[in-house]
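Engineer: Here is my input; please provide its structure:
(one chain, ligands or ions: 2)
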Amino acid sequence: MTTIISVSNLAKTYASGFQALKGVSLDIREGEILALLGPNGAGKTTLINTICGLVTPSSGTVTVAGHDHLRDYRAARELIGLVPQELSTDMFETVWATVSFSRGLHGKKANPAFIETVLRQLSLWDKKDSKIMTLSGGMKRRVLIAKALAHEPRILFLDEPTAGVDVELRRGMWQVVRQMRDNGVTVILTTHYIEEAEEMADRIGVITNGEIIVVEEKAELMRKLGKKQLMLRLGAALAAIPDALGTYKLELDADGRALTYSYDTRADRTGITTLLNAVRDAGLQVTDIETRQSSLEDIFVDLVRQSQ
Ligand SMILES: Nc1ncnc2c1ncn2[C@@H]1O[C@H](COP(=O)(O)OP(=O)(O)OP(=O)(O)O)[C@@H](O)[C@H]1O
Ligand SMILES: [Mg+2]
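Structural biologist: Ligands and ions are numbered 1, 2, ... in the order given. Have a look, this model is predicted:
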């Protein structure tokens with residue numbers, strides 16, 4: 001797989017003395033959707049803005065399709081579309097004018113047919129002559145996406161594209177992002193919605209305190225860190241876990257009617273068969289069995305906790 005962006009030892013200390021990035025290294029693969037997850041203030045926006053050349057790094061390098069983003073800024077920037085976290089655009093312009101202007105800014109020849117396609121994809125076509133100030137928040141965000149796509153970038157950065165966007169629109173947005181990927185665009189997005197990363201990303205990077213603590217294929221991350229739980233519902237309430245089951249890692253529910261067994265999906269043996277035999281031998285009646293896999297949310301909380 002080809003690397004389209006290579007970030008090496010990137011550090012940023014703001015003028016205030018605050019170190020927002022502490023030596024981040026990351027290779028972004030051509031054609032992937034990479035989600036960056038992290039709590040408020042983790043450094044996600046700083047990382048994106050530094051890669052896009054809006055923030056000057058204190059040290060480290062970024063290459064975009066082989067171009068050094070500082071020495072060869074225009075060539076690198078040309079390949080990139082950015083949807084910033086902060087909504088800022090000319091409120092008095094129409095959708096059509098703003099998006100077309102953005103294409104011109106990047107030195108591309110006018111192409112009304114392309115702009116039309118983008119606006120249609122983002123369900124903004126019927127708003128093309130509306131002034132931006134008359135649009136809802138979710139629509140404004142879609143205008144920003146259209147602006148970022150107007151010059152046909154090969155790489156699209158979306159900094160919290162769905163913040164403040166309702167559930168239905170969010171799904172629509174995910175579809176648009178997937179479409180971009182299907183058109184060969186590499187997509188890097190940040191989000192607070194873990195379900196969003198889980199739903200969309202090919203790979204997930206977790207960033208806290210200016211450091212990337214993990215970057216992994218989504219499926220691999222879930223497999224590696226995922227724990228499964230087996231819940232046994234009991235026919236009769238227990239006051240305590242029977243001594244005979246003391247060697248198993250079990251938890252008893254507050255009402256005494258369910259036992260939960262946690263096991264590691266990586267382990268060769270889950271121990272479920274022996275547990276079930278032991279439960280039967282202890283004379284407990286099991287009325288139902290459920291399994292539950294940890295979600296990305298559990299994994300994320302665990303990772304952030306471990307890194308603090
Ligand atoms: N211009 C600046 N000057 C000084 N400190 C800054 C500046 N911009 C950001 N910071 C600090 O750097 C840290 C990282 O901020 P950043 O915006 O990158 O976080 P984030 O992960 O994008 O957070 P959020 O999820 O809230 O968007 C924060 O502590 C922030 O206060
Ligand atoms: Mg941010």
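
Engineer: So which residues of the stretch 1-150 of the chain form strands?
Structural biologist: For the stretch 1-150 of the chain, the strands defined by DSSP state E, counting those that start in this stretch cover 3-13, 19-29, 33-37, 59-64, 67-68, 80-83.

Engineer: Out of these, the one nearest Glu198 is which?
Structural biologist: Glu198 lies closest to strand 33-37 among the strands of the stretch 1-150 of the chain, at 8.6 Å (CB to CB). (Each C-beta comes from the backbone N, C-alpha and C, glycine too.)

Engineer: For the closest residue to Asp27 other than its chain neighbours, list the residues it contacts.
Structural biologist: In space, and not counting its chain neighbours, Asp27 is closest to Thr3: 4.6 Å by CB to CB, 6 or more residues apart in numbering. Residues in contact with Thr3 (CB atoms under 8 Å, 6 or more residues apart in numbering) are 27-30.

Engineer: Residues of the protein that sit close to ligand 2?
Structural biologist: By CB under 5 Å from the ion, the residues of the chain that approach ligand 2 are 44-45, 85.

Engineer: and the residues you listed near ligand 1, which?
Structural biologist: Near ligand 1, judged by CB under 6 Å from any ligand atom, the entries from these are 44-45, 85.

Engineer: As CSV, these with pLDDT and neighbour count would be great.
Structural biologist: Putting those into CSV (pLDDT from 0 to 100; neighbours: other CB atoms under 10 Å) gives the following:
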residue, pLDDT, neighbour count
Lys44, 95, 25
Thr45, 95, 19
Gln85, 82, 16
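
Engineer: What about the residues you listed, which are in helices?
Structural biologist: Secondary structure from DSSP state H places 44-45 of these in helices.

Engineer: Make TSV out of the ones next to ligand 1 among the residues of the chain next to ligand 2 and add distance to Gly210.
Structural biologist: Shown next, in TSV, are these (distance: CB to CB, whole Å):
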residue	distance to Gly210
Lys44	10
Thr45	12
Gln85	17
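
Engineer: now, which of the ones next to ligand 1 among the residues of the chain next to ligand 2 sits nearest ligand 2?
Structural biologist: Thr45 (3.1 Å; CB to the ion).

Engineer: In contact with that closest one, which residues are there?
Structural biologist: Going by CB under 8 Å, 6+ apart, Thr45 touches 85, 159, 190.

Engineer: 6 Å - rerun?
Structural biologist: With contact taken as CB atoms under 6 Å, 6 or more residues apart in numbering, Thr45 is in contact with 85, 159.

Engineer: same check, this time on Asn277
Structural biologist: Not one residue lies near Asn277 by CB under 6 Å, 6+ apart.

Engineer: so how far is Leu284 from it?
Structural biologist: 12 Å (CB to CB, to the nearest Å).

Engineer: Also Asp243?
Structural biologist: Asp243 sits 13 Å away from Leu284, taking CB to CB as the criterion.

Engineer: These two: which has the busier surroundings?
Structural biologist: Between Asp243 and Leu284, counted using other CB atoms under 10 Å, the more crowded position is Leu284 (17 against 8).

Engineer: Please name the nearest non-neighbouring residue to that one.
Structural biologist: Computed as CB to CB, 6+ apart, the closest residue to Leu284 that is not its neighbour in sequence is Leu234, at 5.9 Å.

Engineer: For that neighbour, the count of nearby residues, please.
Structural biologist: Here the number of neighbours of Leu234 (other CB under 10 Å) works out to 19.

Engineer: try Ala110
Structural biologist: By other CB under 10 Å, 10 other residues sit near Ala110.

Engineer: What backbone torsions are found at it?
Structural biologist: Per-residue torsions, Ala110: phi -60, psi 140 (degrees, to the nearest 10).

Engineer: What parts of the stretch 51-200 of the chain come near ligand 1?
Structural biologist: Counting by CB under 6 Å from any ligand atom, the residues of the stretch 51-200 of the chain near ligand 1 are Gln85.
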